[in-house]
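Enquirer: Pasted the sequence and its predicted model underneath.
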Amino acid sequence: MIYFEGASGVLVLAPTIETNEAPTPASTLSVRRKLIIHGSSDDVYDALFSPMLAGAKKVVPPCPKPCFDEGPSMAAASLDEPEVSSMDFELVPMDVPMTTSMIKKDVTIIKAKATIIVAQACLEATQHRKEELELNLANLTKKWDSHIVKLQAKTKRLSVIRSQATPIDPRILKEKAHKRCS
C-alpha cells in the first residue's frame, strides 16, 4: 500500500517489455519461454516460441512469491494451486525453414479455428432445423391421427346404417316404378 499526499493505492507488479530496434535489418531470433511450476513434477514446460529481432532486448521482472501474512485460509489456498516459481527466456537463432514452419503452423491454426467456427455454425443451424422438423412431424402426426379417428367414426356409422338397412329385391323396385308410371 502506498500513501501519497492524501491518496492511497496499491502498486501492482506488471511485466514490462522494452524493445530497441536496430535501424538496419537484423537476423531473426526466437524467444523460448520456459515455465517451472511448483507442485508438479520437475518438468520444464516450453510455453511458446515467438520471433524477435536480433537487436531487441526484453526486461522481465522476477515472479512475485505468495504472501502468507493474509491468514491461514489464504496460505492454504495458495499452497493448493500450482505456482510459477521461475520463468526463463532464451534467445535461439532462427533460420528460414524454422520461420517458414512457424508461419505455416500459425496459418494452419488460423484455418483450423475458422473451420471450427464454420462447423459450429453449421451444427447450430442443423440442430435448429432438426428441432423444426421434429415439431412439424409431431404436428402432422396429430393431424393424421385426427383424420384417422374421423374416418374410423364415419366407417362405424356407415356399417351401423348398412346393417340396419333392409335389403330390397330389384324386382320389387321395378314393380313399384311400373305402378307409379301407369
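Expert: Arrived safely, thanks for sending.
Enquirer: quick one: low-confidence ranges for this protein?
Expert: 1-96, 98-99 (pLDDT under 70).
Enquirer: Would you map out the domains in it?
Expert: 15-94, 95-165 (automatic domain parsing).
Enquirer: who does the top helix by length along the chain touch, helix- and strand-wise?
Expert: Secondary structure of the chain per DSSP state H: the longest helix is helix 96-164. Under the contact criterion of 3 or more CB pairs under 8 Å, 6 or more residues apart in numbering; DSSP states H and E, helix 96-164 touches strand 44-53. The C-beta positions use only the backbone N, C-alpha and C, and glycine is treated the same way.
Enquirer: at 10 Å what do you get?
Expert: Applying 3 or more CB pairs under 10 Å, 6 or more residues apart in numbering; DSSP states H and E, one finds that helix 96-164 makes contact with strand 28-37, strand 44-53.
Enquirer: which residues sit in contact with residue 120?
Expert: Going by CB atoms under 10 Å, 6 or more residues apart in numbering, residue 120 touches no other residue.
Enquirer: Could you report the distance from it to residue 166?
Expert: 73 Å (CB to CB, to the nearest Å).
Enquirer: next one: residue 152
Expert: Relative to residue 166, and taking CB to CB, residue 152 is found at 26 Å.
Enquirer: More neighbours: those two, which one.
Expert: Between residue 152 and residue 166, counted using other CB atoms under 10 Å, residue 152 has the larger neighbour count: 10 against 4.
Enquirer: which residues does the more buried one contact?
Expert: Per CB under 10 Å, 6+ apart, neighbours of residue 152: none.
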